[in-house]
Each structure stands twice: as C-alpha cells, then as structure tokens.
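1. sharing a model that was predicted from the sequence below.
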Amino acid sequence: RRAAAGRNTFSQFPIALPPAITLRMSQYRVGIIGGSGLYHIEGFTNQKWVKVKTPFGPPSDSFLTGKLAGREVVFLPRHGRGHRILPSELNHRANIWGMKKLGAAWAISVSAVGSLQAKYRPCDIVLPDQFLDRTKQSSAHTFFGRGIVGHIAFAHPVCEELRLLLLKAARALKARVHDGGTYVNMEGPAFSTRAESFANRKLGHDVVGMTNLGEAKCCREAEIAYASMAMITDYDCWKDDGAHVTVEMVIANLMKNVAAAKAIIAKVLPQIPAAPNWPCHDALKNVIMTDRKCWPVKTIRELEPLLRKYL
C-alpha cells in the first residue's frame, strides 16, 4: 500500500561514489527501504546521498548511506523523495540491484498496509511471513531472463532470522506487534473494492499492500536477507462500523508509527551479524538451470553484483 503513505568491474554501470565512502569488499551494509521520515532517524550520521546507475533503469531515488546504531546502512525512499512514484511504477530490480551494489546484505522494509482482520488495529505492526501475489508484474520481479534461467525457492519468502530479530526488538519496546501473517500484494493505485476486501478477508489473509512482494522476490535473487515491517494504517474497506481507507487516514496513522519504526530499526541493527551467513545469503546456489557456457556476456555483466561468487 500503500502508495499514498509513504544492486565493479564493468564500467558501463558506474556508481558515482566519492572516494571517502567507497565500499570495501569486507564491509556489509544493512538496507532500509521506506517512506517519508525514515531518513531522519535520530543518530543517523555521516549521511551521503549516492546516485547509482543500473542496467535496469533508474532506482526510485539516490541512496542515502551513513551510519546508524554502529552499523553501516543504506536507505532508499521507496516512492522517491516527495512521493512521486506509484506502486506499479516502482523499479524493484533497479532498487535492489543498487542496494546490492552498495553492499547491502540485509534489507528491512517499512510500509503502510491495510488490516484484513479485526485483531490488527491501526498503528499495530505486523511482521509478515508470507505473500500472496495479486499483481500482473511477475516479469518485473526477477533478474533472470535474457539468456539465464533461474528458479529461486520462495516457499518461505521472508528471512526468518531477520524477522525474528525485528519481533524481539518490537516486543522489547512494548510495540503492538503481531508475529507472522500473509501480506496480499495488490496492484493499486486504487484501494480495494469491497468485494476484493471481503474476499481477501474470507480467505484468512492478514494485511493488504501494494509494494513488498517485488522487493522480497528481488532481494531473494540478490541474496539479500529481507523482512518487512507492515504498519497498519486502516481497515481497508471491509469494516462497516468505521470509515473506509483514505489517503488522509493512511498518512495520519503512518506518521503516528514513524517513531516506533525508527526505534525498532535502531534497536535491531546492532543485533544483525557482521557477516552474511544466513540461508538467504546462499539463495542462488544450485538455482540456475542454464549451462554456464551458454550465459550471454551482456547478461553476466548486468547481473555481476548478484552472480559474483558464482562466476
């Protein structure tokens, strides 16, 4: 949802990095994907906006690098500064390629969602462990194609290790947090019809949004451990005893949750391992079906940040 709130060696894809922040190969960053307000996290130091050129087109915006809670981080405003990009216009491949190129090995996503069940109240936080794809953009949610065929395992689409760290941090901070749930990724930009909302609710799904599935798929292919903090802003439009979702409602409730999101992120960052050694970090092992001698040179160049250890 909610649109209203809110990846070295190949010179043809250069990154405009000032010498002072050139990434060392031994240094891994934590990515943060979010909307307005999150790049103002207190204690975020050494901030530098970095423009990244990708083979998949432009990312949502420049990436903000810096240091937070003792960790190197890279932040991306999902919809661009000023909220200029629709959910269906998001270039997930460019966004995650840029994150990978800048050294992100983990990614924490923060986004607004609508509740499909009464137990999830506005300003609650859900940490989804499943996704349901209601989009028409599967070809835009993969790096494969153009001569290289790969099929990632996606039965468990969220990095459980990272998700549980977020859960522990949220509980320690006394946030109203829910452990697990299914995130229905609709297309947008319109909010749900009543029929869609009732159908998703009747099927037992938990929250509805417009952005996270593409991020999760691209992160898995990029071997970035991904977890989502779904911030409840409304009851979609299934509830009869309250107002149906509006832009004003989404923004108001999301802003109420910004402080909680910032606090959880700051608390969880020091707990993330220094080196990427979780199962998601080997997600491409034995995934590519195309014979190595058949890989097109151009595609290898495009995917080099992802395929580096398999070349």
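-> Here it is on my side, so go on.
2. which residues in this structure form strands?
-> 15-16, 29-34, 45-52, 63-68, 71-77, 104-115, 125-127, 130-133, 177-179, 182-185, 207-209, 225-234 (DSSP state E).
3. weakest of those by average pLDDT?
-> Sorting those by mean pLDDT places strand 15-16 lowest, at a mean of 34.
4. export stretch 202-221 as CSV, just CAs?
-> C-alpha atoms of stretch 202-221 as CSV (Å, rounded to 0.1, in the frame of the first residue of the first chain):
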residue,chain,number,x,y,z
LYS,A,202,-12.7,-14.5,4.0
LEU,A,203,-9.6,-16.4,2.7
GLY,A,204,-8.0,-15.6,6.0
HIS,A,205,-5.3,-13.3,4.8
ASP,A,206,-4.0,-10.6,7.2
VAL,A,207,-2.9,-7.4,5.5
VAL,A,208,-3.1,-5.8,2.1
GLY,A,209,-0.5,-3.6,0.5
MET,A,210,1.0,-2.6,-2.9
THR,A,211,4.8,-2.8,-2.7
ASN,A,212,6.5,-5.5,-0.7
LEU,A,213,6.3,-8.6,-2.9
GLY,A,214,8.5,-7.3,-5.7
GLU,A,215,11.1,-6.2,-3.1
ALA,A,216,11.0,-9.7,-1.4
LYS,A,217,11.5,-11.6,-4.7
CYS,A,218,14.3,-9.4,-6.0
CYS,A,219,16.0,-9.5,-2.6
ARG,A,220,15.9,-13.3,-2.6
GLU,A,221,17.5,-13.4,-6.0
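5. which parts of that stretch are buried?
-> Neighbour counts over stretch 202-221 (16 or more other CB atoms under 10 Å) mark 205-221 as buried. Just so you know, the C-beta spots here come from the backbone N, C-alpha and C atoms, and that holds for glycine as well.
6. picking that back up, need the strands of the chain in JSON lines (columns: distance to L269).
-> What follows is the strands of the chain, written out as JSON lines (distance: least, CB to CB, whole Å):
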{"stretch": "strand 15-16", "distance to L269": "23"}
{"stretch": "strand 29-34", "distance to L269": "6"}
{"stretch": "strand 45-52", "distance to L269": "13"}
{"stretch": "strand 63-68", "distance to L269": "6"}
{"stretch": "strand 71-77", "distance to L269": "4"}
{"stretch": "strand 104-115", "distance to L269": "9"}
{"stretch": "strand 125-127", "distance to L269": "16"}
{"stretch": "strand 130-133", "distance to L269": "24"}
{"stretch": "strand 177-179", "distance to L269": "17"}
{"stretch": "strand 182-185", "distance to L269": "23"}
{"stretch": "strand 207-209", "distance to L269": "24"}
{"stretch": "strand 225-234", "distance to L269": "13"}
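7. which one of these is the most hemmed in?
-> strand 207-209 (a mean of 29; mean count of other CB atoms under 10 Å).
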